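>>> Got a predicted structure here, sequence first:
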Amino acid sequence: MSCNILDNITGWDCSPAGTRSIRAVSPLTLGGDGQHAAFYLAQPDDETFYLTDAGEAAMHAASFGIEITKARMDMLNSTPGIGFAKMERDGSITAHGNIADAQVALWDAVKIAMSLSFNSKKWAPKLDQMRFRALVEKVLIETGSGDKFDAKF
């Protein structure tokens, strides 16, 4: 096996994103719409790194109506195996430290993004069936269709 083969197997896409920084797009999707987990990795100097998703995972969840509360952030930050990355109060996933820890930090950031993705369905807003039924009945009655229509929900 070679590094080129491994690069092809993992499917990560990497592109320059400024001086001493890259944007790494993982093959892992955040949901059913095809958006991939992605991170910016910068190396301010030879010894350190800084990683962020710039809030992309949180914004993706918010686009589906998911509110990321403090309790949910705390739950994401306590994902088993996380030691270097965390979700900040602004919704961004970040990590920083010694360059030797960059690989582990990247995978920790992926774990947080995937944990958010996996929890998105249960955190999505629920349709209030009783209010919906009452609204439909009200509209049907107001339009004169209520006596002709027996809605079974």
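Right, received. Where do you want to start? Remember, predicted model here, so these are calculated numbers, not experimental data.
>>> Could I get the full set of strands for this structure?
Along the chain, counting by DSSP state E, strands occupy 13-16, 21-29, 36-45, 48-52, 86-87, 93-98.
>>> Other residues contacting stretch 48-57?
For stretch 48-57, contacts defined as Cβ atoms under 8 Å, 6 or more residues apart in numbering pick out 30, 37-44, 85, 90-99, 101-102, 105-106, 109, 112-113, 116-117. The way it works is simple: take the backbone N, C-alpha and C, and place the C-beta from them, glycine included.
>>> switch to 7 Å and redo it
Stretch 48-57 is contacted from outside by 30, 37-44, 85, 90-99, 102, 105-106, 109, 113, 116, using Cβ atoms under 7 Å, 6 or more residues apart in numbering.
>>> Just the buried residues out of those residues, in PyMOL syntax.
To isolate the buried members of the contacts of stretch 48-57 in PyMOL, using 16 or more other Cβ atoms under 10 Å:
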select buried, resi 30+37+38+39+40+41+42+85+91+92+93+94+95+96+97+102+105+106+109+113+116
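>>> Return the residues in contact with the closest residue to residue 11 other than its chain neighbours.
Excluding its sequence neighbours, the residue lying closest to residue 11 (Cβ to Cβ, 6 or more residues apart in numbering) is residue 27, at 3.4 Å. Listed by Cβ under 7 Å, 6+ apart, the contact set of residue 27 reads 10-12, 36.
>>> 10 Å - rerun?
By Cβ atoms under 10 Å, 6 or more residues apart in numbering, the contact list for residue 27 reads 9-13, 36-37.
>>> got it, and residue 90?
54-55, 58.
>>> Helices - which of the residues you listed land there?
residue 58 (DSSP state H).
>>> one step back: columns distance to residue 75 and mean pLDDT on top of the strands of the chain, output as CSV?
Output for the strands of the chain, formatted as CSV (distance: least, Cβ to Cβ, whole Å; pLDDT from 0 to 100):
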stretch, distance to residue 75, mean pLDDT
strand 13-16, 29, 86
strand 21-29, 20, 93
strand 36-45, 18, 95
strand 48-52, 20, 96
strand 86-87, 10, 98
strand 93-98, 14, 98
